[in-house]
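Enquirer: pasting a predicted model and its sequence here:
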Amino acid sequence: MSARDNILGKLKAAPVTPVIEPDTAAHFARFASTASKLELLKHWAAAMRSVKTEIIWVTESNWADKLAARVTATNLPDLLVSDTPHGTKARAALANSDVTVKVFDRPVDEWKESLFNDVSASLTRCLCGIAQTGTLVLWPDSKEPRTMSLVPPVHFVLFDTQTLYPNFFTAMDAQQWSAGMPTNAVLVSGPSKTADIQLTLAYGAHGPREVIVLACLPEGVNPTLLEDAA
Amino acid sequence: MSQHTVTLYPSRQFKDNARSALGDTELRHSLRTAMDFLMAKRLSAFPDENELETLRTLGETIRQRCLAKLPTLLEQLEAKLTANGIQVHWAETPAEANQIIQGLIDRRNGKLAVKGKSMVSEETELNHHLEAHGVTAVESDMGEYIVQMAGEKPTHIIMPAIHKTKAQIAKLFSENIPDTPYTEDVDELIQIGRKALRHLYMKADVGISGVNFAVAETGTLCLVENEGNGRMCTTVPDMHIAITGIEKVVEKLSDVVPLYSLLTRSAIGQPITTYFNMISSPRKEGELDGPREVHLVLLDNGRSQAYADTQLRKTLQCIRCGACMNHCPVYTRIGGHAYGTTYPGPIGEIISPHLLGLENTSDLPTASSLCGACGEVCPVRIPIPEMLMRLREESQRPANEHVAHPLRGQGAGRTGKESIAWRVWKGVVGKASHYKLFGWTASHLRALTPVNQPGWTQNHVPMKPAAKTLHQLIKEREAKRS
Amino acid sequence: MTANTPDSTVSGKPGYPTDVYLFGTCLLDIFMPDAGMDAITLLEREGIRVHFPMDQSCCGQPAYTSGHPKEARDVARAQLGLFPEAWPIVVPSGSCGGMMKHHWPTLFAGEPEEALANALAARVVEFSDFLLNTLDWQPQDQGQPAKVAVHTSCSARREMNVHKTSWALVDRLQHVERVVHDHESECCGFGGTFSVKHPDISGAMVADKANSLQNSGAVEFVSADSGCLMNINGKLAKDGNTRFAGKHLATFLLERTGGKS
């Protein structure tokens, strides 16, 4: 008998208990936020900022310039982008700067040490956002690999605010994640952190020290609406 | 080849350990401060009591549904993971799990493993096993990194180094990490750890991690963390080995939503952790990074014993948040090391007897005043005090008494002296005439009350009966009135 | 058996009981019987007839929580026949009340006495709960102004869910200021046999509890549980403290309202 057979055999021999089917959807419907889209976005921004995330309000037409401005303003020497339309756009915006733009275009195994040692910032997009917890959902793929959002100390995320969901359940449900998951998906809520030393919060544990979100608003939405004190 | 055997005899040392912890004022202060902080944080994370209680009920129902279907879900998980390209291994004992993991590493001639936080690997003492077989396993969670450097075990399942002061850690780092000056600045200490470990991620042959939820529906391994070391271990090395207990499987992807919320809010009072990492396959054709091999080791190690009994099965509902220890007045005073087990505190008291046998843990179920604080905060409503009483019963049950699901070490806590004492007690208290006679004698002979009452007079003046019992006072009053 | 048949007429309020049983509990019976008498006096003063079945002894809790349910069951069984009338069973202890209300049904599950145990359990009421919520006790405080701390037993707090009733009763005393002590919700470390099986840990717990009660600014403390009282008072006395001690809630309430001269 294999360990597998032994374990399953013991479990199957155990008494059967009744199954009560919980209604997860009903729970999240019951406690769903009634906030407007704008209010949800404000809540999302506040939650992300509370965990040291920087938010830059952008639009489809100006995000690349704002990214370039932010990269040069803090003298980041380089930026890692993906071989994607938004990667290309970022590259173009930085073409006339001193910033070295690198493209993640070959297997990590060929340049792992360099990825760790020579890259200071990266840009990726994200699948969607979650308002309740101040979260972005990363959905890496063959064009935009997993380590891009993990290894470089500064991570820029391009976020289409139209894809903001009230909570984790609504995001997962609306996008039917259960039909099939990618190799890896990650919920990110701020830069990496730890409180393992005497419960003192410190940012920049192992992953990015800084997360900067380029939050893309529809044309015509005034970002100041999102910044009032209310 | 010698095999590292796991030998833990917590019960033989528990009382001594507890006594020495109680005398350590620095430890007592660290623990009290930390637990007060964590309790306050949890409270602030659940501002709406109605939402909290509803969510706890949902979490409990989900965990119970998953346990009710456990064998089927494990098979489904295995099939789904296999289809996704993740290889599944089964281990009945810690030794088997260690052998499997070592075998996988040996196949690639691996020498360096980086580890994300995994309490199950603590359970199997995997690091020692690998070390003995030429594989260096480095803990990468900051707290785990610290306790490993100190040659200790975690004292808390969420906050492994909660017992250490920053001064102690500063000393440890300066003495163990080359070119490191002494600093008590926490940010600097974390940056020292970050630098040392990032260097290792890129060199490691294998990454080892635990699993918070294994989703049968999609074949997904979910990892909860703040630091990013878990993502490093599961993303950067070419091989990822995850190890978890068989009870960690959940049926649906949507099950993780409430459980994850309960976990982070109960554990540390955070609405969410920095990362929720969902892994469903190794690197696919055309992908540019991620491990080419992913393995999952499913460990039983006594869990099936708890499963066999429908009452004790509730122990397996646990999602390892640690709230029970944060709220436990015993844990707060003695810390995790005193228990001598992988899982300390209330959850440790109820899971360890299944992992190690009552013969090795018989002091643990009694190490509780049954105050109920643990059960009150448990996010999945495990009735921990009820479990403790049941384990006390099994520990006191004669070893040769036949029961449907005997626990390993049944009767281990039973002593002739105590059994006789309870029989005498029953004889006195269980019969009205005997009890009245006892009351009369106790009150009339109160002058002869022993000055030394074992256990009691260590902390108290002797228990002395009143001059008259309530029975006598009432009888006298009635006599007067009639 | 009837402890007393008061002359006063029973309140005409609907749902207001005319008779109750008192389950005195073994600890109170032997170690602090005055508290039992004080509870009776308080109830009688509200016009209730208090019945004290003389054959009562113990709820069985000590054996039950020590892993000896058979012995516990035998002792509990001896109590089951003592409460034939449908009156409330008032228990001046949260932990014994918790045993009867919440653990007797488990203890007798599948036994011939199951239905009887369930029926009795349903009638069990903790003393402070009864005084506050059934009788709506309205005291006339005759004492001097005083600051008092309240220690609620864990069973009262978490099993019987009556931790706020003792507070509320004390708060109804016009000249008493209830002070909150540090870590008020934390266990005093008694836990029945826990206190003798793990005296080091239990001792550390009761030392902290005694300290925080003393540092609360209160002149004394009250509790509705004799186990906790014996534990904390026993510790205070062991440390040579003669000025600060705890009282049973019943005794305290009676003293404040002129019932003890």
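Expert: Great, that's in hand.

Enquirer: distance check, the residue in the stretch 1-150 of chain C positioned nearest to chain A against residue A:209.
Expert: Nearest to chain A, among the residues of the stretch 1-150 of chain C, is residue C:110, at 15.6 Å (Cβ to the nearest Cβ). C-beta coordinates here come from the backbone N, C-alpha and C atoms, glycine included. Distance of residue C:110 to residue A:209, given as Cβ to Cβ, to the nearest Å: 61 Å.

Enquirer: same deal with residue B:25?
Expert: 37 Å.

Enquirer: ok, residue C:110 and residue A:209, which is more surrounded?
Expert: residue A:209 (18 against 6; other Cβ atoms under 10 Å in any protein chain shown).

Enquirer: quick one on the thing from earlier: tell me who's in contact with the residue of the stretch 1-150 of chain C closest to chain A.
Expert: Listed by Cβ atoms under 8 Å, 6 or more residues apart in numbering or on different chains, residue C:110 has no contact partners.

Enquirer: would you mind giving the secondary structure of it?
Expert: Per DSSP: H, G, I helix; E, B strand; the rest coil, the local secondary structure of residue C:110 is coil.

Enquirer: and the pLDDT at it?
Expert: Listed pLDDT for residue C:110 reads 97.

Enquirer: got any ranges where the chain has weak pLDDT?
Expert: Just so you know, I chose chain A. For chain A, applying pLDDT under 70 flags the ranges A:228-230.

Enquirer: um, chain B though
Expert: For chain B, the ranges with pLDDT under 70 are B:1-12.

Enquirer: sketch out the strands for the stretch 101-250 of chain C, chain order is fine.
Expert: Counting by DSSP state E, counting those that start in this stretch, the segments of the stretch 101-250 of chain C that form strands are C:124-126, C:146-150, C:176-179, C:220-223, C:246-248.

Enquirer: looking at the ones you listed, which one is packed in the most?
Expert: Here the criterion is mean neighbour count by mean count of other Cβ atoms under 10 Å in any protein chain shown, and of the strands of the stretch 101-250 of chain C the winner is strand C:124-126, at a mean of 26.

Enquirer: contacts for that strand?
Expert: Against strand C:124-126 from outside (Cβ under 8 Å, 6+ apart): C:23, C:88-94, C:97, C:100-101, C:134, C:156, C:160, C:162, C:165, C:224.

Enquirer: filter the residues you listed down to the ones in helices?
Expert: Under the assignment DSSP state H, the contacts of strand C:124-126 contribute C:94, C:97, C:165 to helices.

Enquirer: turn those residues into a markdown table, including neighbour count and pLDDT.
Expert: Shown next, in a markdown table, are these (neighbours: other Cβ atoms under 10 Å in any protein chain shown; pLDDT from 0 to 100):
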| residue | neighbour count | pLDDT |
| --- | --- | --- |
| C:94 | 32 | 94 |
| C:97 | 32 | 96 |
| C:165 | 23 | 95 |
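
Enquirer: the helices in the chain, which residues?
Expert: Let's take chain A. A:3-13, A:24-30, A:37-50, A:63-73, A:85-93, A:112-118, A:168-174.

Enquirer: switch to chain C, please.
Expert: C:26-31, C:33-45, C:61-64, C:69-80, C:94-98, C:104-107, C:114-123, C:127-129, C:154, C:163-171, C:194-197, C:199-214, C:226-238, C:249-256.

Enquirer: endpoints of stretch B:89-96, how far apart?
Expert: Stretch B:89-96 has an end-to-end distance of 10 Å (criterion: Cα to Cα, to the nearest Å).

Enquirer: ok now it, how far from the chain's centre?
Expert: 19 Å (Cα atoms, centre = their mean, to the nearest Å).

Enquirer: which residues sit against that stretch?
Expert: Stretch B:89-96 is contacted from outside by A:2-4, A:6-7, B:3-6, B:97, B:99-100, B:123-125, B:295-301, using Cβ under 8 Å, 6+ apart.

Enquirer: inside helices: which ones of the residues you listed?
Expert: A:3-4, A:6-7, B:97, B:99-100, B:123.

Enquirer: biggest separation within those, which pair?
Expert: Spatial extent of those (Cβ to Cβ) is set by the pair A:4 and B:123 at 19.2 Å.

Enquirer: which of these two has more residues huddled nearby?
Expert: The neighbour comparison of residue A:4 against residue B:123 (other Cβ under 10 Å) goes to residue B:123, with 24 against 17.

Enquirer: I'd say the more buried one and residue B:300 touch.
Expert: No - counting by Cβ atoms under 8 Å, residue B:300 is not a contact partner of residue B:123; they are 11.1 Å apart.

Enquirer: would JSON lines of the strands of the stretch 101-250 of chain C with distance to residue B:215 be doable?
Expert: Converted to JSON lines, these look like this (distance: least, Cβ to Cβ, whole Å):
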{"stretch": "strand C:124-126", "distance to residue B:215": "45"}
{"stretch": "strand C:146-150", "distance to residue B:215": "48"}
{"stretch": "strand C:176-179", "distance to residue B:215": "50"}
{"stretch": "strand C:220-223", "distance to residue B:215": "49"}
{"stretch": "strand C:246-248", "distance to residue B:215": "53"}
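
Enquirer: redo those as a markdown table? Include mean pLDDT.
Expert: Below are those laid out as a markdown table (pLDDT from 0 to 100):
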| stretch | mean pLDDT |
| --- | --- |
| strand C:124-126 | 97 |
| strand C:146-150 | 98 |
| strand C:176-179 | 98 |
| strand C:220-223 | 98 |
| strand C:246-248 | 97 |
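
Enquirer: nearest to residue A:219, out of these?
Expert: Proximity to residue A:219 (Cβ to Cβ) singles out strand C:176-179 among the strands of the stretch 101-250 of chain C, at 61.5 Å.

Enquirer: for the closest one, which helices and strands make contact with it?
Expert: strand C:146-150, helix C:163-171 (3 or more Cβ pairs under 8 Å, 6 or more residues apart in numbering or on different chains; DSSP states H and E).

Enquirer: quick one: closest of these to chain B.
Expert: Chain B lies closest, by Cβ to the nearest Cβ, to one member of the helices and strands packed on strand C:176-179: helix C:163-171, at 11.4 Å.
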